[in-house]
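1. 3D, please:
(one chain, ligands or ions: 1)
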Amino acid sequence: MDLTTVTRTYENTCPPSSSLGTLHLKGGHAQVREGQLTIRPVIVSGDSSFGAEVSGVDWSRPVPEDIVQQLIKLQDTYAVLIFRKTGLDNERHIAFSRQLGKKLEINPFFYGRENDRVGEPLLWDVGNINIDGTLVQPSQRRWQHSLGNALWHTDSSYHHQRSKYSLLLSHPTTHVPDRPASKTYTHFSDTRHAYSSLPLSTKLLLEPLIVEHDLWHSRRLASPVTYSVPLPHELAAKPPAYHRLVQTAPDGRKTLYLAAHAKRIVGWGMKESQKLIWELIEWCAREEFVFSLEWGEEGGDMVWWDNRQSMHRANPYTTEMTARDVRRATVVDDGPLAFGVSEQEKREAGWKPEQAVTVDV
Ligand SMILES: [Fe+2]
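-> Here you go, the predicted model:
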């Protein structure tokens, strides 16, 4: 298949200043007090709420279990929780993440503490700083890999046992930029609200569909030359996974489980699969379903999102960017939909074993 027809790139100019979904964090909805917590919703539309800035958690000590349970309830409602200036370090970042599920993902691209700037296999280094302190450059495979993070996605949908939560924590950097620090944003889409806004006929079409998710598909979309053929160890680390397109979110509403990793609808051809997948992703990216989070410059902000009921994307790297140190912990899904579909369901939907080894370039 000619990937130039589906290659996706986004300019690093987001968010547009005129967007309705932009930076509601700086005003808008009334804040709510719940015990020691203060909650400021980002988008409220009818009975749908998405994103909330939460203050009142004492991050200087282990978070008590009753507060953890209160936060999980908020998470089920808002899907993205934002905490400012937490002061968390790696150890406490991991400790809080462990309170949210049975298991954390181990970074499959961790090749030993001596080869990793963060030095912690339970954290992904998703900033732009090399281990020697220099900034990542376009000639590096890591730069090309990061371009895929600028496509709308949900983390780890390409895992057979998918992830539940991601917790992205920014750290202060010691770099002295030779120009004003770049503003950085992460963009979030409410896939529950996007689903509920679809016409009934589309919902009926989508309901039975199973999607093949493949990390190397999204890497090829964003960086077709570097990832025309992924390296053998890359392919071995991340084989594809199969999940239903329409799922039930923790709050009971239906949601789209969708990502740039979504390669093929099981039983469909590649071209028609990609057409539907990108029509749906672009539907979810409509401004009424999206907000853009501006990160603080000092470090310490933490964003905790639910991959089962939202999508997100970063801004692509640029050669003008200043240093950014962000690290992600990922909580494995331990719920009833964690493992996607069975072999039998896949075959009944039209999956054939030979598709497992197909590389579409
Ligand atoms: Fe991500």
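2. quick one: end-to-end distance for stretch 153-161.
-> One end of stretch 153-161 to the other measures 16 Å (C-alpha to C-alpha, to the nearest Å).
3. for that stretch, which positions count as buried?
-> 153-159 (16 or more other C-beta atoms under 10 Å). For glycine as for every other residue, the C-beta is placed from the backbone atoms N, C-alpha and C.
4. gap between that stretch and the chain center?
-> 9 Å (C-alpha atoms, centre = their mean, to the nearest Å).
5. going forward, begin numbering at 45 instead of 1
-> In the new count, where the first residue is 45, that last one comes out as stretch 197-205.
6. quick one: the helices in the stretch 295-405 of the chain?
-> 314-328, 387-392 (DSSP state H, counting those that start in this stretch).
7. revised request: answer the last question for the stretch 45-194 of the chain.
-> 109-122, 134-142, 185-191.
8. now those helices in TSV, with distance to residue 351, mean pLDDT and mean neighbour count?
-> Output for those, formatted as TSV (distance: least, C-beta to C-beta, whole Å; pLDDT from 0 to 100; neighbours: other C-beta atoms under 10 Å):
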stretch	distance to residue 351	mean pLDDT	mean neighbour count
helix 109-122	11	97	16
helix 134-142	13	97	17
helix 185-191	18	79	18
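9. export the ones you listed as TSV, with columns for distance to residue 336.
-> Below are those laid out as TSV (distance: least, C-beta to C-beta, whole Å):
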stretch	distance to residue 336
helix 109-122	16
helix 134-142	23
helix 185-191	18
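10. and of the ones you listed, who's closest to residue 93?
-> Proximity to residue 93 (C-beta to C-beta) singles out helix 109-122 among the helices of the stretch 45-194 of the chain, at 5.7 Å.
11. the closest one to helix 134-142, inter-axis angle?
-> Counting by axes from the mean of the first three to the mean of the last three C-alpha atoms, to 10 degrees, helix 109-122 lies at 70 degrees to helix 134-142.
12. output helix 109-122 in PDB with nothing but the alpha carbons.
-> What follows is helix 109-122, C-alpha atoms only, in PDB (Å, rounded to 0.1, in the frame of the first residue of the first chain):
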ATOM      1  CA  GLU A 109      -5.800   5.000  50.200                       C
ATOM      2  CA  ASP A 110      -9.100   7.000  50.700                       C
ATOM      3  CA  ILE A 111      -7.600   9.800  48.600                       C
ATOM      4  CA  VAL A 112      -6.500   7.300  46.000                       C
ATOM      5  CA  GLN A 113     -10.000   6.000  45.700                       C
ATOM      6  CA  GLN A 114     -11.400   9.500  45.500                       C
ATOM      7  CA  LEU A 115      -9.000  10.300  42.700                       C
ATOM      8  CA  ILE A 116      -9.900   7.100  40.800                       C
ATOM      9  CA  LYS A 117     -13.600   8.100  40.900                       C
ATOM     10  CA  LEU A 118     -12.600  11.500  39.500                       C
ATOM     11  CA  GLN A 119     -10.500   9.800  36.900                       C
ATOM     12  CA  ASP A 120     -13.500   7.600  35.800                       C
ATOM     13  CA  THR A 121     -15.500  10.800  35.300                       C
ATOM     14  CA  TYR A 122     -12.900  13.200  33.700                       C
END
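13. got any ranges where this protein has weak pLDDT?
-> 45-73, 220-221, 398-405 (pLDDT under 70).
14. about what we covered before: deepest-packed of the helices of the stretch 295-405 of the chain, please.
-> Here the criterion is mean neighbour count by mean count of other C-beta atoms under 10 Å, and of the helices of the stretch 295-405 of the chain the winner is helix 314-328, at a mean of 18.
15. and that one, what other elements does it pack with?
-> In terms of contacts (3 or more C-beta pairs under 8 Å, 6 or more residues apart in numbering; DSSP states H and E), helix 314-328 is packed against helix 235-240, strand 306-309.
16. just send those back as CSV, with mean neighbour count too.
-> Conversion of these to CSV gives the following (neighbours: other C-beta atoms under 10 Å):
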stretch, mean neighbour count
helix 235-240, 25
strand 306-309, 25
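17. possible to save these as JSON lines with distance to residue 119?
-> Shown next, in JSON lines, are these (distance: least, C-beta to C-beta, whole Å):
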{"stretch": "helix 235-240", "distance to residue 119": "13"}
{"stretch": "strand 306-309", "distance to residue 119": "24"}
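18. among those, which is nearest residue 319?
-> Nearest of those (C-beta to C-beta): strand 306-309, 9.9 Å.
19. what pairs with that closest one, and is each one parallel or antiparallel?
-> strand 254-257 (antiparallel) (DSSP bridges).
20. look up how far residue 284 lies from the closest residue to residue 376 other than its chain neighbours.
-> In space, and not counting its chain neighbours, residue 376 is closest to residue 147: 4.3 Å by C-beta to C-beta, 6 or more residues apart in numbering. According to C-beta to C-beta, to the nearest Å, residue 147 stands 21 Å off from residue 284.
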